Each structure stands twice: as structure tokens, then as C-alpha cells.
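1. Got a predicted structure here, sequence first:
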Amino acid sequence: MEHLTQDMLFNITSKLSAYDVVRLACSCRGLRAQLASAATRSTISFLENVRPHMWLPPLFRARVYDPDCEASLVLPSKSLFMDCDLLDDEPIIASDGGLLCIGCQRKGDAIIIIFNPLTRTSKQIKMEELLVNVEALGLQYKGAADGYVLFALLHFEGWRLLRYCSTTQQWCDILSSPLIPPDGYRLECKTITCCDSILYTLWRKTKHLKMFAHGSDGWKEVDLPFRVPRRRVRIYAFLMDFGSLLHLAVLQHQQTHWLDVCIWKLHQHGRFWEAVARMPEIYVEVFSSRVKPLRGVHCVGKNGVLYMKSPAKVEPWVLMYDMSNDRWSWTERGHPYMSTVALVFEPSLAATP
């Protein structure tokens, strides 16, 4: 097949699923180069941590999963990060366009690693000394020609927002107005959500949540569509971009049981919210048994598909919600000693760190 013309190869791969395209590309280096732009957007890639014994160092592998045909492909389990310990203190993770971004410490220096799990290519961006206190990261992939943009929210003598462009390889300060969160509020999650040229962050104080958006006119608070929950009820909230519209997933639980999972959509630059989906009761019961509320939950989404998982290593389940088809489903269960570290959206063989 390596000797086929690009047109003939395209005619063949256009009839294959995204899973089969990636599987074909992994068969040899020549095909991988030819199929670099053939992967479709319907596939996601799970970055997984496999630790057979607690006293052994972790091994990382990438698993490509296609929701359309419910099939997965495990890529060779060669370590992706060598001597970088990325699991300490819940590393900062952001993903877009097949690339994954992690903030970590290496030999005393603060660095950001951008990498493609499919091609095992990576790039280290060393942070300046004053940028050590990185609180959140956002990654926006613009394409093979334009590269990516990285956003970093820092806490150093006040809050700062910086932008890194892969084409210029330089950081610049884009904070047009100071961010002054209310007293006692902290970041709810360590990911900055980039949606329609606006950056969104969530902040928490006990049960109270606030959302701030940064655009051309600086920082503004955006009202949330739910009230403070009643006593003994705790909520988790996550932001994601679907079709350049901001979506908000709100998960409520009481002790060991989930009570409700609702998804909201923000319209017209923050003017009003619309409830677009709610988890059926039968899935709420199973969700409570497979993803323990007291251990927390991670929730991310892209291209109309929402993924929810437990951060615990002993709970490898991932629940998916396909918004366009209004369908809830579980991915296949992984190895009992395997945990899903991150989800990589739109896995691509052409995305370069």
C-alpha cells in the first residue's frame, strides 16, 4: 500500500472508520506519513497510566477509541515521558486538536510539555523563574500550518494571564485588566476553556461558584444558571467548548450517591443559559456505583461528546454522552491497574508540538 498514489489512498481511507485509519497508520512508518491528515474528528485518544505494582514506576500508553464503532486500539506501551513524573499533585492538563499539555516539575525547573501521544513527539517549554506558580492552562490548536496557542494563568504578585504562540515561541502578557477574585475563592479546575476567542475560568468558595470570562474588554463575571445547593449537597462544575458555544456540566451528589447531572449551554455572549440535557435516572444509579462521588470526578468534552471519569486509579470506567444523538454509553473497561490520565481530542498524526 505504500506505493499507492495519494488519491487512491484517500479513496480507500474515506471508506474506513477513524479507528481503522489510525490502526492502518500504525502498521508502518511509510503509511503513517501518508495518512497524516486522514484521521477523522470522531476518534478520541485515552492517555493511560499503567502501574502493575505500586513500587514500580508508571508506564504510559495511548489507546485510540472510536465511539462510532465502539472499538479501541492500544498503541505500543513505550514510555512517553521518560523521567518526568507527571502524576504528582494532579498535573495541569489541557487538550485540543490531538495535542496534550501538561505542567510539571523536572530537575527543579517548571516546564510545560506539549506532546502528541499518537506520534510520541513532544516539546518542552521551560518557564521563566517568575512563572513557576502556574494555576491553570489552556490549549487551542489552530491547525498544522498555524500551530497552537497556549494560555497560562499565574498567581505572582496578583493574577496574570499569559499567551504563548508556537509560531513565534514567545510568551506575552495579555491581561488587559486585573483579575481580582472575591475573597476566599480559588480555582475550581486547572484548565482554561477557550471558546469563540473568550477564555473562561471557574472559581469556588465552599458551595459557591463563580465564573469569569476574559475577552477584548478584560475580565467580566458571568452569572451561573443554578443556585447554591441545599445542605449536605455538593456540586462539581466543568466548562467545555461545543461548536464555539460554551457548555457547563453540573454534577450534584450527596455523600456516596449522585443526585443529578445536567448540561447547560450559554447563548449570545453570556446573555442566557439553556438546559440541553439531563442524565437519566438509570444511568445516575450506575454512575454512582462506578464513579464514587467522594473520590471526585473529571469531566471534559469536545465536538458534541462529553466524557466523565473518576480520578481514582481503581475506577477505569468512562461515561460518554453524545449530545447530537442524545445517547449515554460506557466505554469498554480497561485493565484493573490502569487509570485514564487524560483524553486527547481529535487525535491527529499531523499535529506537531
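-> In hand now; what should we look at? These figures come from a predicted structure and were not determined experimentally.
2. hey, let's count contacts and neighbours off CA atoms from now on
-> Will do.
3. Please, where are all the strands along the stretch 251-353 of the chain?
-> Assignment of strands within the stretch 251-353 of the chain using DSSP state E, counting those that start in this stretch yields the ranges 257-267, 272-278, 298-302, 305-309, 318-322, 327-330, 338-345.
4. ok, now the stretch 51-200 of the chain?
-> Using DSSP E, counting those that start in this stretch, the strands of the stretch 51-200 of the chain run over 59-66, 71-74, 92-96, 99-106, 109-116, 121-126, 134-143, 147-155, 159-165, 170-173, 186-187, 193-195, 198-205.
5. Among the strands of the stretch 251-353 of the chain, show me which one is buried the most.
-> Mean neighbours per residue, mean count of other C-alpha atoms under 10 Å, is largest over the strands of the stretch 251-353 of the chain for strand 338-345, with a mean of 24.
6. hmm, back to that, any chance of the strands of the stretch 251-353 of the chain in JSON lines with mean pLDDT as columns?
-> What follows is the strands of the stretch 251-353 of the chain, written out as JSON lines (pLDDT from 0 to 100):
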{"stretch": "strand 257-267", "mean pLDDT": "92"}
{"stretch": "strand 272-278", "mean pLDDT": "92"}
{"stretch": "strand 298-302", "mean pLDDT": "82"}
{"stretch": "strand 305-309", "mean pLDDT": "84"}
{"stretch": "strand 318-322", "mean pLDDT": "86"}
{"stretch": "strand 327-330", "mean pLDDT": "88"}
{"stretch": "strand 338-345", "mean pLDDT": "66"}
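7. want to throw the ones you listed into JSON lines with distance to residue 119?
-> Below are the strands of the stretch 251-353 of the chain laid out as JSON lines (distance: least, C-alpha to C-alpha, whole Å):
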{"stretch": "strand 257-267", "distance to residue 119": "34"}
{"stretch": "strand 272-278", "distance to residue 119": "36"}
{"stretch": "strand 298-302", "distance to residue 119": "21"}
{"stretch": "strand 305-309", "distance to residue 119": "23"}
{"stretch": "strand 318-322", "distance to residue 119": "24"}
{"stretch": "strand 327-330", "distance to residue 119": "27"}
{"stretch": "strand 338-345", "distance to residue 119": "13"}
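8. what's the closest of the ones you listed to residue 96?
-> In terms of C-alpha to C-alpha, the element of the strands of the stretch 251-353 of the chain nearest to residue 96 is strand 338-345, at 5.6 Å.
9. what mean pLDDT would you report for the longest helix along the chain?
-> Determined from DSSP state H, the single longest helix within the chain is helix 281-290. Mean pLDDT, helix 281-290: 90.
10. Give me the residues contacting it.
-> Helix 281-290 is contacted from outside by 256-261, 315, 317, 319, 328, using C-alpha atoms under 8 Å, 6 or more residues apart in numbering.
11. I'd like to know which of the strands of the stretch 251-353 of the chain is closest to residue 249.
-> When the strands of the stretch 251-353 of the chain are ranked by distance to residue 249, counting by C-alpha to C-alpha, first place goes to strand 257-267 at 4.5 Å.
12. so what does that closest one touch, helix or strand wise?
-> strand 245-254, strand 272-278, helix 281-290 (3 or more C-alpha pairs under 8 Å, 6 or more residues apart in numbering; DSSP states H and E).
13. Can you name the residues bridging to the residue lying closest to residue 126 once chain neighbours are set aside?
-> Spatial nearest neighbour of residue 126, chain neighbours left out: residue 111 (4.4 Å); criterion: C-alpha to C-alpha, 6 or more residues apart in numbering. When assigned by DSSP bridges, residue 111 has beta-bridge partners residue 104, residue 126.
14. Now do the contacts for residue 111.
-> Applying C-alpha under 8 Å, 6+ apart, the residues near residue 111 are 103-105, 124-127.
15. Using CSV, lay out the residues you listed together with distance to residue 147.
-> Output for the contacts of residue 111, formatted as CSV (distance: C-alpha to C-alpha, whole Å):
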residue, distance to residue 147
103, 19
104, 22
105, 24
124, 15
125, 15
126, 18
127, 19
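16. between those residues, which is closest to residue 344?
-> Comparing the contacts of residue 111 against residue 344 with C-alpha to C-alpha places residue 103 closest, at 15.7 Å.
17. Thought residue 93 was touching that closest one, still the case?
-> Yes - if you go by C-alpha atoms under 8 Å, residue 103 and residue 93 touch, sitting 7.0 Å apart.
18. burial measure for the residue lying closest to residue 252 once chain neighbours are set aside, as a count.
-> Counting by C-alpha to C-alpha, 6+ apart, residue 235 is the residue found nearest to residue 252 once chain neighbours are left out, at 4.4 Å. For residue 235, the tally of surrounding residues (other C-alpha atoms under 10 Å) stands at 20.
19. try residue 207
-> By other C-alpha under 10 Å, 15 other residues sit near residue 207.
20. residues touching it, list them.
-> Applying C-alpha under 8 Å, 6+ apart to residue 207 gives the contacts 228-229, 234-235.
21. Any of these buried? List them.
-> Among those, those buried by neighbour count (16 or more other C-alpha atoms under 10 Å) are 234-235.
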